[in-house]
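In: What follows is a predicted protein model with its sequence.
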Amino acid sequence: MTTLLSPRDIEVALELRDLSDPTDGPHAMQVLLDDVLAALTHAWDCALDVQRRRPLVSVEDNYDRLGYAVADITRDARYSRYAAETVMLRSHTSAGVPPALRALAAARAADPEVDVLLALPGLCYRRDSIDRLHVGTPHQVDLWRVTTTRRLGVDDLQRMVALVVGAVLPGVRWRTSPAHHPYTTQGLQVDVCTASGWVELAECGLAAEHVLTGAGLDADRYSGLALGMGLDRALMVRKGIQDIRVLRSTDPRIAPQLLDLAPWRPVSSQPPVRRDLSIVVDAPVDAELLGDTVRTALGPAVEDLESVTVLAGTAYADLPDAARRRLGLRQDQVNVLLRLVLRPLSGTLTDQRANELRDQVYAAVHRGPHREWATR
């Protein structure tokens, strides 16, 4: 049976600020998104329809109507957040595409001519590992050009990529490689060249006929381009930010820098504080699930946690009897060495506070009968 979110989990998720939405105040992410939308609509001379849809979506729209197979691993509750058997917190902004296309089909019943850029920005909700580049609630935008004015093809897709990359990172080198998405054909992954190497910026393709026809649009008349981009990563690359936690910082040294696209000016950072934990977990070890458990356990204090890394995992059969007894390890469990790296974005971290956070994490992830850490 699918593991469901508690009402409190849903409430917390829906309370999180969407940095791409100007309703809650300005942010550099909005500036970047506006630049992308302006570049596309100016080049195409098409209409723009920005839709901000609710994060709670039907499983059908998030997966089925986009062409995901029933057995796809992404549907697993380890990676997707279900509020009910048929309702979930969207795992990607592409979940808004089927209803947006259905609305387009209904609106164009009397006037079938259309050339529009559908833009669907917002937060997505996943279970993910914790590090400087990943978070469980990333921002994304889906950009779908849908038209009856001409038949869109691969050349148009390449032009779209050039426009988006040019708006995000003017003058940067970029490349594409083949990629598969169930809702596109001729799919591509878009990488950009940065000082630290090639970084994925977006994925795109031609809008799949089954998605158009499933929404009530005649695929003989309608064609489309589809591109999805992670807004957190795009903004970090544009400004040269190395830590994703910075994007939500309210530190007075940092927050003013998050109102424009000027290069990031680093502020003094504290040295990292490391704590290693020997824990017992159920097999198989899942770094994403561990990260999500830690994030939930720490609540607001997760802002002080830079990364959680599984250093080693030792199965029951590979441990000596003395270690099994000490840990209380069952045959279906694993002894994991977990490293926490604590580094507040501002202020200092005392040893006592670091140990308190360590113990909170231990209590949340340890599944053995014996406790080896306790705050003093």
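Out: Cool, got the structure. Just so we're clear, the structure is a prediction, and the values are computed from it rather than from any experiment. Numbering: from 1, shown residues only.
In: tell me how far the ends of stretch 312-331 are from each other?
Out: End-to-end distance for stretch 312-331, by CA to CA, to the nearest Å: 17 Å.
In: tell me which residues of that stretch are tucked away?
Out: Y316, L319, R324, L327, L329 (16 or more other CB atoms under 10 Å). Backbone N, C-alpha and C define where each C-beta goes, glycine included.
In: any residues touching that stretch, and which ones?
Out: 278, 280, 283, 285, 332-337, 368-370 (CB atoms under 8 Å, 6 or more residues apart in numbering).
In: Return the backbone torsion pair for the spatially most central residue of the chain.
Out: The residue lying closest to the centre of the chain (CA atoms, centre = their mean) is P138, at 3.3 Å. Here is the backbone geometry of P138 (degrees, to the nearest 10): phi -80, psi 160.
In: Next one: it from L247, what distance?
Out: 10 Å (CB to CB, to the nearest Å).
In: so what sits against both of the two?
Out: Common neighbours of P138 and L247 (CB under 8 Å, 6+ apart) are D232.
In: coming back round to it: from what I can see the residue nearest to the centre of the chain touches M229, true?
Out: No: at 10.7 Å, P138 does not count as touching M229 under the criterion of CB atoms under 8 Å.
In: Tell me which helix or strand in this protein has the weakest average pLDDT.
Out: In the chain, the helix or strand scored least confidently by mean pLDDT, DSSP states H and E is helix 287-298, which has a mean of 87.
In: Downstream of that helix, the next helix or strand is which one?
Out: Tracing the chain past helix 287-298, the next element assigned as helix or strand by DSSP states H and E is strand 305-315.
In: how far off helix 287-298 does that next one point, in degrees?
Out: Angle of strand 305-315 versus helix 287-298, following axes from the mean of the first three to the mean of the last three CA atoms, to 10 degrees, is 130 degrees.
In: Quick check: closest non-adjacent residue to A28.
Out: L258 (5.0 Å; CB to CB, 6 or more residues apart in numbering).
In: Pretty sure the one you found sits against L247.
Out: Yes: distance between L258 and L247: 6.6 Å, which falls inside the contact criterion (CB under 8 Å).
In: of the buried residues of stretch 312-331, closest to V308?
Out: Using CB to CB, L327 comes nearest to V308 of the buried residues of stretch 312-331, at 20.0 Å.
In: measure that closest one to R339 for me?
Out: 18 Å.
In: Would you mind measuring the gap between the ends of stretch 21-31?
Out: 11 Å.
In: could you give me the average pLDDT of it?
Out: Averaging pLDDT along stretch 21-31 yields 97.
In: ok, residues contacting that stretch?
Out: With CB under 8 Å, 6+ apart, stretch 21-31 has contacts from 17-20, 52, 121-122, 139, 231-232, 235, 239, 247, 257-261.
In: Now intersect the residues you listed with the strands, please.
Out: Of the contacts of stretch 21-31, the ones assigned to strands by DSSP state E are P121, G122, H139.
In: Make TSV out of the residues you listed and add neighbour count and distance to D155.
Out: Shown next, in TSV, are the ones in strands among the contacts of stretch 21-31 (neighbours: other CB atoms under 10 Å; distance: CB to CB, whole Å):
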residue	neighbour count	distance to D155
P121	26	26
G122	23	30
H139	25	30
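In: Which member of those residues is positioned nearest G153?
Out: Using CB to CB, the ones in strands among the contacts of stretch 21-31 come closest to G153 at P121, 26.1 Å.
In: what about that closest one, distance to H92?
Out: P121 is 12 Å from H92, by CB to CB.
In: Check the contact lists of the two and give me the overlap.
Out: With CB under 8 Å, 6+ apart, P121 and H92 have common neighbours Q140, D142.
In: picking up where we left off before, which secondary structure elements does the least confident helix or strand of the chain contact?
Out: strand 305-315, helix 351-365 (3 or more CB pairs under 8 Å, 6 or more residues apart in numbering; DSSP states H and E).
In: Report the rounded mean pLDDT for the shortest one.
Out: Mean pLDDT, computed over strand 305-315, is 91.
In: mind listing the helices for the stretch 101-250 of the chain?
Out: 154-168, 209-214, 231-239 (DSSP state H, counting those that start in this stretch).
In: Just put the ones you listed in CSV and tack on distance to V308.
Out: Shown next, in CSV, are those (distance: least, CB to CB, whole Å):
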stretch, distance to V308
helix 154-168, 29
helix 209-214, 37
helix 231-239, 18
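In: how about a markdown table for those, with mean neighbour count and distance to R295 added?
Out: Shown next, in a markdown table, are those (neighbours: other CB atoms under 10 Å; distance: least, CB to CB, whole Å):
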| stretch | mean neighbour count | distance to R295 |
| --- | --- | --- |
| helix 154-168 | 18 | 28 |
| helix 209-214 | 18 | 33 |
| helix 231-239 | 23 | 16 |
